[in-house]
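A.B. asks: Have a look; sequence and predicted model below, questions after that.
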4 protein chains.
Amino acid sequence: MTDQTPLKAAILGASGYTGAETIRLLADHPGVDAIAATGHALAGRQLSEIFPHLAGSADLAVVRADDVDWSQVDVAFGCLPHGTSQDLIESLPDHLRVIDLSADYRLTNPDTYQTTYGRAHAAPERLQTRIYGLPEWPQNDLCGADLVACPGCYPTASLLALLPLVADLIDPHAIIIDAKSGVSGAGRGLKEGNLFSEAAEGAHAYGVGVHRHAPEIDQELNRAAGRNDIAVTFTPHLLPMVRGELVTCHVRGDADQIHAALAAQYRTSPFVSVLPPGSPPPDTRHVRGTNHCRIGVWPDRVAGRTIVIAVIDNLIKGSSGQAIQNLNLAMGWDEQLGLSHLQPLFP
Amino acid sequence: MTDQTPLKAAILGASGYTGAETIRLLADHPGVDAIAATGHALAGRQLSEIFPHLAGSADLAVVRADDVDWSQVDVAFGCLPHGTSQDLIESLPDHLRVIDLSADYRLTNPDTYQTTYGRAHAAPERLQTRIYGLPEWPQNDLCGADLVACPGCYPTASLLALLPLVADLIDPHAIIIDAKSGVSGAGRGLKEGNLFSEAAEGAHAYGVGVHRHAPEIDQELNRAAGRNDIAVTFTPHLLPMVRGELVTCHVRGDADQIHAALAAQYRTSPFVSVLPPGSPPPDTRHVRGTNHCRIGVWPDRVAGRTIVIAVIDNLIKGSSGQAIQNLNLAMGWDEQLGLSHLQPLFP
Amino acid sequence: MTDQTPLKAAILGASGYTGAETIRLLADHPGVDAIAATGHALAGRQLSEIFPHLAGSADLAVVRADDVDWSQVDVAFGCLPHGTSQDLIESLPDHLRVIDLSADYRLTNPDTYQTTYGRAHAAPERLQTRIYGLPEWPQNDLCGADLVACPGCYPTASLLALLPLVADLIDPHAIIIDAKSGVSGAGRGLKEGNLFSEAAEGAHAYGVGVHRHAPEIDQELNRAAGRNDIAVTFTPHLLPMVRGELVTCHVRGDADQIHAALAAQYRTSPFVSVLPPGSPPPDTRHVRGTNHCRIGVWPDRVAGRTIVIAVIDNLIKGSSGQAIQNLNLAMGWDEQLGLSHLQPLFP
Amino acid sequence: MTDQTPLKAAILGASGYTGAETIRLLADHPGVDAIAATGHALAGRQLSEIFPHLAGSADLAVVRADDVDWSQVDVAFGCLPHGTSQDLIESLPDHLRVIDLSADYRLTNPDTYQTTYGRAHAAPERLQTRIYGLPEWPQNDLCGADLVACPGCYPTASLLALLPLVADLIDPHAIIIDAKSGVSGAGRGLKEGNLFSEAAEGAHAYGVGVHRHAPEIDQELNRAAGRNDIAVTFTPHLLPMVRGELVTCHVRGDADQIHAALAAQYRTSPFVSVLPPGSPPPDTRHVRGTNHCRIGVWPDRVAGRTIVIAVIDNLIKGSSGQAIQNLNLAMGWDEQLGLSHLQPLFP
């Protein structure tokens, strides 16, 4: 691969955290050059003004999408909010491979999309053909994919923990996911609740009973189980940390069987580790800055119940890193390309 | 009350956080004077050297328990680790009223105590007569109590959320408590995991399936329900914040009925608020520095399931503040005495 | 005092942190009732919606200033941004006592005001008659004051450390103030730099060489020294904490003399403590949540140089608490009224 | 280089943060294999038990130094506390190249060492021949060095900011360094002050006037200036963040000349950037996780005074990263080898 001309990539929506993180990670990718970064309000400014940490690694100016010469671009990473994302992606020329990090192509049912995201989908037929970009699950065949819908951060961690179990190892009607995320998961939007003074030194739940990632988790669990009646309890919490996501899954099933199934599933996955029984619980710090997911399994004190815990870095495995992993697979490359050197920043 | 001579209090174990917090709160209590602070390793030092924030409000030296003239003391607050606590408390003269903040008198069954805390109890008969110090629950009649076992921090929040429900509003065999605590809950003990560099910017579960507060929660739920078969799933997590505790209770039951029962239960409780339906989820910051508990109720997206969330300050309502509230009630005083001026420190 | 009818207070600009903090503190003040809270964009909403931590202690709705019946109001706390503050204050009826927390009345020279804040002052003559509200400095006679300009947070800490020294104990032309503040000092305004994700886990200087508090510090040092040529080096930094301000003053002078002068100056001040020589350096945590200032003095390793360090809670002694202290003095009350129960929240 | 057999490295003292960070960084270094990790108390345990974040990248057991077959080792990284470090290093066979991260070989004057670190140096003659490992300063010729004393974290940032200035651009007798560090700079030692509950949400100075890094800074400034009378004011502060170090240098000199000199000095240095005039002040977050130093220069409001600010990651450029950079140069390799892929983790 390294003998080939690098792919030329455009980042759609470079002023948010997923855009900046995709650009940061691509700077070390031997097979891809980021050549364009689009933005609306910030068009005309240098990326390194908006994100000084990128100075030195990404000397790009933000341009309006209309001003990009798309004939020079091979692949687009969609880092826009849902809605905006599909509108731009559907306007792009056909030759472009698209890796979308937004929610726009995750749900296959256009009605569910409309209910969940509050507008009709602009290209409902594409929801049937896009590939769901959770590469560790064999149903998602990414090789050659030209439109990839990257999972949400919570679905990534939740599904890695639950997909291998849902068909026959756990009660599919008693799945409770208590999820915790760092504040960067809320993006760069300006809201009082995301201010340091209001997010530090405390915790709270949000979106209780109504979070948009729940239907996505349902969809994939049902697909894996060959069912249509699974609905999970999903309760997310905002924690006073920047990066990191932890899902605590309370399920009915046997801990030994569950551990064995997870260990078997991910034996050869470079980015997913199942901790040996007796390990300390997985810690978001141990995957911070990496594309890794760590999963642990504990028998509950209540017979027949098991706790499965998964941790990821929400901006990498939960977003930009997984997007690059998906591109690697779509191109037929090693899925670790440009990602294997990422190590957890601890302490 | 303010015309009386203040009670004279000793704080047993003044070098930990609950000791320091009890002393801090008593400094504003019109009915109690802290006159002695005991310690072992730090005996001979001034409290304000150990805890500079107490300079000006508590000019006490730490003394060995053997050196206290107990005849001058009316009430002792036990702020020692379990085990150590009972050994000292059982050696004290009979005239002392004891408010114990340790785990030593919480469990009524000596066998459960031994299984949970790893040693035989020194005074098992006292486990039948002590009062469990969760004052909002009517079964706990604190008036005149001479030995009060203050609940653990997690049980405080969990029981306030669940006690009014467990008899007839929720399935007692499907209670899942996903709990989150700030690091001060781990005390002042020196462990790598409690270092700033290792506790900041991340989260992890601990004690999964085996935490010592679970049997205590079971005990009180069974007592309230008149059962003996309730066992909860209890999964605590350590969050990167100093103070604050949040319990997310996933239960089977009707959200409207649950909300109504909680609102009715706490209508006249000065320290427990049930949020109106539609409120934002309770936030630990909104009770930080106070003796308050806030509880919210949400219907789940899965029919028949409800999420009940409670927040407290683990060092106040979860520990030292509740201890003082218990003393107030034991003395026949207003339960808010010395506590009503505490307001949440926000931001 | 407690036999009198409480003063009726209006808070001008209740949607920011200083407004909320003033309201929070007044809830425990026996001599003042907050009866009105003004706001523009948020008029019509309940304060407890905007600041849920105030639920229970402040059940006020935000109203437009035009809709307040000022004849019912005795005192106004100005919690608005500079510029906006003077415009409203100058429109208020004469009977009102005004405690302004903004920068609008701090500078006595209208030209300096215009240069520093970018607009002509609306009432330059008032700059000569207002009282500068640093009550610990004897030149500021607050008794009976009807317009008080509360100092900025940085000037409060800096001046408490330097005023007793500047006339004859230190070189007035070699004063370097390296200042550090928590993020709440930046207010509730929505800027990327104040987001948790961008303010956590790092530090940076800002306003280097040009911060607006420097002319205010100069003004008061010159007044105290009877000079007009003092200009300080002032370099503020933003730290990843919510509350707290620390100023490290590097001066030329003798440490023993400096310590003696500070200790003498504040011997009877209830809110300012000078640490004994050999104490650990003052910590912002030890004054967090209080109206206290702690000051320490160290000889430098370089002969003839001394380091003076002061810490405050920027929202209390640096803002709302000092405003209340100023009102107390203006009314002839004990300066500690409504403030003495505030104790540091540690840990 | 990549055609050669990798060097075999031993990490002396692998249970602290600098040891763990050196091992983490070496995992991506193409020219070095970490083959041994020594420890005393933790000997026999797997590194990945002590530091779970290393699982997968460093599968080494901790062994006692006595049990290492030193004939198999080419280079040793000294990650021990001072004192302990020299004792082990002086006992090692001669063929070993040593990169010491401790303070033991930094000071050239044995008397200064004894005064500063409280014991006589075991090998004072080595203090004359070791190379001071600040590779950006041309006096430090690292090529072929067999004993490198890596600078302290504070000296690294301070000297990068000041060395090019001290000979003729600033007053050498009026240098004030106000320094700020994250808590990881305090190491993994167990002290109350480093607990999350006591280090979060506040700031304080420490070692005021007496910090051990001041003599080291003096030594190198004097060497660069060809003087022996420079003594700096150095005041460090502990900030509530894990990684990051910021030094604010208040000097007398002309800002334009200073900027020009710094820019010229580091024009070709891959790891040091001098920000263009008018840039936002450097932020520790923008170098977090990297071997970079960013420096900015501001004219003060006081004529003739200038503020120079430098930021680094204390565990990388301030410690383990610079150690590897030094090894690269000692070996005649590209100084960026194994370090160039490190990018700032932001947000």
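C.D. replies: Here it is on my side, so go on.
A.B. asks: List the contacts of A:Ser15.
C.D. replies: When contacts are counted by CB atoms under 8 Å, 6 or more residues apart in numbering or on different chains, A:Ser15 touches A:39, A:41-42, A:50, A:62, A:188. Quick note: C-beta positions are derived from backbone N, CA and C, even for glycine.
A.B. asks: Please list only the buried members of these.
C.D. replies: Neighbour-count burial (16 or more other CB atoms under 10 Å in any protein chain shown) applied to the contacts of A:Ser15 gives A:39, A:42, A:50, A:62, A:188.
A.B. asks: farthest-separated two in these?
C.D. replies: Greatest spatial distance among the buried ones among the contacts of A:Ser15 (CB to CB): A:Val62 and A:Arg188, at 13.8 Å.
A.B. asks: could the buried ones among the contacts of A:Ser15 be laid out in CSV, adding secondary structure?
C.D. replies: Converted to CSV, these look like this (DSSP: H, G, I helix; E, B strand; the rest coil):
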residue, secondary structure
A:Gly39, coil
A:Leu42, coil
A:Ile50, helix
A:Val62, strand
A:Arg188, coil
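A.B. asks: Give me the neighbour count for the residue lying closest to A:Ile307 once chain neighbours are set aside.
C.D. replies: Beyond its immediate neighbours in the sequence, the residue positioned closest to A:Ile307 (CB to CB, 6 or more residues apart in numbering or on different chains) is A:Trp298, lying 4.7 Å away. Per other CB atoms under 10 Å in any protein chain shown, the neighbour tally for A:Trp298 reads 24.
A.B. asks: Could you find the closest non-adjacent residue to A:Arg45?
C.D. replies: A:Val62 (5.5 Å).
A.B. asks: distance of the one you found from chain D?
C.D. replies: 17 Å (CB to the nearest CB, to the nearest Å).
A.B. asks: With A:Ser273 instead?
C.D. replies: For A:Ser273, the distance to chain D - CB to the nearest CB - is 7 Å.
A.B. asks: which ones are touching that residue?
C.D. replies: A:266, A:292-295, D:55-56.
A.B. asks: And what about it, helix, strand or coil?
C.D. replies: Using three-state DSSP, the secondary structure recorded for A:Ser273 is strand.
A.B. asks: And it, how far from D:Phe51?
C.D. replies: Between A:Ser273 and D:Phe51 the computed distance is 15 Å (CB to CB, to the nearest Å).
A.B. asks: picking that back up, against B:Val73, how distant is the residue nearest to A:Arg45?
C.D. replies: Counting by CB to CB - A:Val62 and B:Val73 are separated by 70 Å.
A.B. asks: Does the residue nearest to A:Arg45 touch A:Glu49 like I think?
C.D. replies: No. With contact defined as CB atoms under 8 Å, A:Val62 and A:Glu49 do not form a contacting pair (9.1 Å).
A.B. asks: Residue of the stretch 1-150 of chain A nearest chain D, please.
C.D. replies: Closest approach between the stretch 1-150 of chain A and chain D, counting by CB to the nearest CB: A:His53, at 4.0 Å.
A.B. asks: Now do the SS call for that residue.
C.D. replies: Of the three states, A:His53 takes helix according to three-state DSSP.
A.B. asks: so what's the nearest residue in space to A:Ala65 that is not next to it in sequence up against?
C.D. replies: In space, and not counting its chain neighbours, A:Ala65 is closest to A:Thr38: 4.4 Å by CB to CB, 6+ apart. By CB under 8 Å, 6+ apart, the contact set of A:Thr38 is A:10-14, A:62-65, A:68, A:88.
A.B. asks: Ok, A:Ile316 next?
C.D. replies: A:21, A:25, A:289-291, A:322, A:342.
A.B. asks: hmm, try it at 10 Å
C.D. replies: The contact partners of A:Ile316, by CB atoms under 10 Å, 6 or more residues apart in numbering or on different chains, come to A:21-22, A:24-25, A:153, A:243, A:271, A:287-292, A:322-325, A:339, A:342, D:345.
A.B. asks: Kindly report the same for A:Asp313.
C.D. replies: For A:Asp313, the contact set (CB under 10 Å, 6+ apart) comprises A:21, A:153, A:182, A:184, A:242-245, A:284-293, A:319-321, A:342, A:344-345, D:345.
A.B. asks: Chain C next: which of these are close?
C.D. replies: Among these, the ones lying close to chain C by the criterion of CB under 10 Å from any CB of the partner chain are A:182, A:184, A:242-243, D:345.
A.B. asks: would a markdown table of the residues you listed with distance to B:Arg126 be doable?
C.D. replies: As requested, the ones next to chain C among the contacts of A:Asp313 are arranged in a markdown table below (distance: CB to CB, whole Å):
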| residue | distance to B:Arg126 |
| --- | --- |
| A:Gly182 | 45 |
| A:Ser184 | 51 |
| A:Val242 | 48 |
| A:Arg243 | 49 |
| D:Leu345 | 54 |
